[in-house]
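*Asks:* Provided below are the primary sequence and the corresponding predicted coordinates.
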Amino acid sequence: MIQVGELVKIHHEGSSVFAVQELREDGRALVEAVDDVAGRYPFTVNTSALVPAS
């Protein structure tokens, strides 16, 4: 199960790493990229799509 603060990818083949900021009751998580890149912003995604980054 995904936890707040955990580092995740959005797909098992994903290359970008995101930090989980918040878990919502509707099955979505608020995530934000951990890399300092232009246009970085938090967004929601279905928790079923998230996999541990390690």
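*Replies:* Everything's here; your move. Numbering: from 1, shown residues only.
*Asks:* contacts, neighbours, all on C-alpha from now
*Replies:* Noted.
*Asks:* List the contacts of stretch 10-20.
*Replies:* Identification of contacts with stretch 10-20 by Cα atoms under 8 Å, 6 or more residues apart in numbering yields 3-9, 29-35, 49-51, 53.
*Asks:* buried set for that stretch?
*Replies:* I10, V17, F18, A19, V20 (16 or more other Cα atoms under 10 Å).
*Asks:* Any chance of those in a markdown table with secondary structure as columns?
*Replies:* Shown next, in a markdown table, are the buried residues of stretch 10-20 (DSSP: H, G, I helix; E, B strand; the rest coil):
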| residue | secondary structure |
| --- | --- |
| I10 | coil |
| V17 | coil |
| F18 | strand |
| A19 | strand |
| V20 | strand |
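*Asks:* Specify which member of the residues you listed is nearest to R40.
*Replies:* Distances from R40 to the buried residues of stretch 10-20, taken as Cα to Cα, are shortest for F18 (10.5 Å).
*Asks:* The closest one - nearest residue in space that isn't next to it in sequence?
*Replies:* Once flanking residues are discounted, F18 sits nearest to A33: 4.2 Å by Cα to Cα, 6 or more residues apart in numbering.
*Asks:* wouldn't the one you found be in contact with R40 here?
*Replies:* Yes - between A33 and R40 there is a contact at 6.5 Å, judged by Cα atoms under 8 Å.
*Asks:* More neighbours: these two, which one.
*Replies:* Between A33 and R40, A33 has the larger neighbour count (other Cα atoms under 10 Å), namely 19 against 11.
*Asks:* residues contacting that one?
*Replies:* Counting by Cα under 8 Å, 6+ apart, A33 has contacts S16, V17, F18, A19, R40, Y41, P42.
*Asks:* Please tell me how far it sits from T47.
*Replies:* The gap separating A33 from T47 is 15 Å, by Cα to Cα, to the nearest Å.
*Asks:* Kindly report the same for A53.
*Replies:* Computed as Cα to Cα, the A53 to T47 distance reads 14 Å.
*Asks:* That's all I had, so thanks and see you.
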